[in-house]
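J.: missing the sequence, but the structure's below:
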């Protein structure tokens, strides 16, 4: 497991092979304002730039009759640890490792990832999902764990999980129909990260 040296980098590759420092907390987190998250009493924070871009995306989607709201943003290391432990207790370790990252390995800990509307596979059948498929890259977001790429990302398909990488990179990833992992394997310095693009069992 590689410990990430630059966890505040917008292009940070956080996955099963690259781990955030245990004490890492993003320095530019902001509160998600009312109207942009599911009102369930939780405290939602994300990266400041991500919030600005999501706000633009949600506002434009709303003008077209599409509702987009954040249901998960930044998570602390402790929160992620409890989430993984709970999932493993309910569903078994193999399921947990496929769908819930271990602490230090979750993009949510960077503040650059958000879950939108519903953490259900049924989300892919909604107008909101179809709108995101067509437009998310225009605001700098990518579908981080696409269907059919589980052997590359190491995680199951999550139609609700979007990662901010900036408009230029998001547009390139969409055009090339590749994952963020594949983009990093081609363009990031290999000395900074451990990059796997061959089939993986999903285990750590």
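T.: Great, that's in hand. Fair warning: this is a prediction, and the values are worked out from it, not measured in the lab.
J.: Please work out how many residues are found near the nearest residue to residue 51 once chain neighbours are set aside.
T.: The shortest distance from residue 51 to any residue that is not its chain neighbour, by CB to CB, 6 or more residues apart in numbering, is 5.3 Å, and that residue is residue 30. All C-beta spots, glycine's among them, are computed from the backbone N, C-alpha and C. Under the neighbour criterion other CB atoms under 10 Å, residue 30 is assigned a count of 17.
J.: do residue 22 as well
T.: Taking other CB under 10 Å as the neighbour definition, residue 22 ends up with a count of 11.
J.: Quick check: it vs residue 9, distance?
T.: In this view, residue 22 and residue 9 are 18 Å apart by CB to CB, to the nearest Å.
J.: can you check residue 45 too?
T.: Shown here: residue 45 relative to residue 9, a distance of 19 Å by CB to CB.
J.: These two: which is more packed in?
T.: Comparing residue 45 with residue 9 by other CB under 10 Å, the one with more neighbours is residue 45, at 16 against 13.
J.: about what we covered before: mind checking how far the residue nearest to residue 51 is from residue 108?
T.: If you go by CB to CB, the gap between residue 30 and residue 108 works out to 15 Å.
J.: show me what contacts residue 8?
T.: By CB atoms under 8 Å, 6 or more residues apart in numbering, the residues touching residue 8 are 26-27.
J.: so where do the strands sit in this protein?
T.: Counting by DSSP state E, residue ranges of the strands within the chain are 2-3, 18-19, 29-31, 45-47, 70-72, 113-116, 141-143, 161-164.
J.: so which of those gets nearest residue 56?
T.: Counting by CB to CB, residue 56 lies closest to strand 141-143 out of the strands of the chain; the figure is 10.8 Å.
J.: Counting by contacts, list what that closest one packs against.
T.: Contact analysis of strand 141-143 by 3 or more CB pairs under 8 Å, 6 or more residues apart in numbering; DSSP states H and E lists helix 48-63, helix 127-135, strand 161-164, helix 167-176 as its packing neighbours.
J.: at 10 Å what do you get?
T.: Judged by 3 or more CB pairs under 10 Å, 6 or more residues apart in numbering; DSSP states H and E, the packing partners of strand 141-143 are helix 48-63, strand 113-116, helix 127-135, strand 161-164, helix 167-176, helix 180-187.
J.: Among these, which comes closest to residue 80?
T.: Taking CB to CB as the measure, these were each checked against residue 80, and strand 113-116 came out nearest at 11.5 Å.
J.: And for the closest one, what's in contact with it?
T.: When contacts are defined by CB atoms under 10 Å, 6 or more residues apart in numbering, strand 113-116 is touched by residues 14, 32, 36-38, 44, 46-47, 50-51, 54, 57-58, 67-75, 106-108, 123, 128-129, 132, 136, 141, 144, 158-164.
J.: Just the buried residues of those residues.
T.: By the neighbour-count criterion of 16 or more other CB atoms under 10 Å, the contacts of strand 113-116 include these buried positions: 14, 32, 36-38, 44, 46-47, 50-51, 54, 57-58, 68-75, 106-108, 123, 128-129, 132, 136, 141, 144, 158-164.
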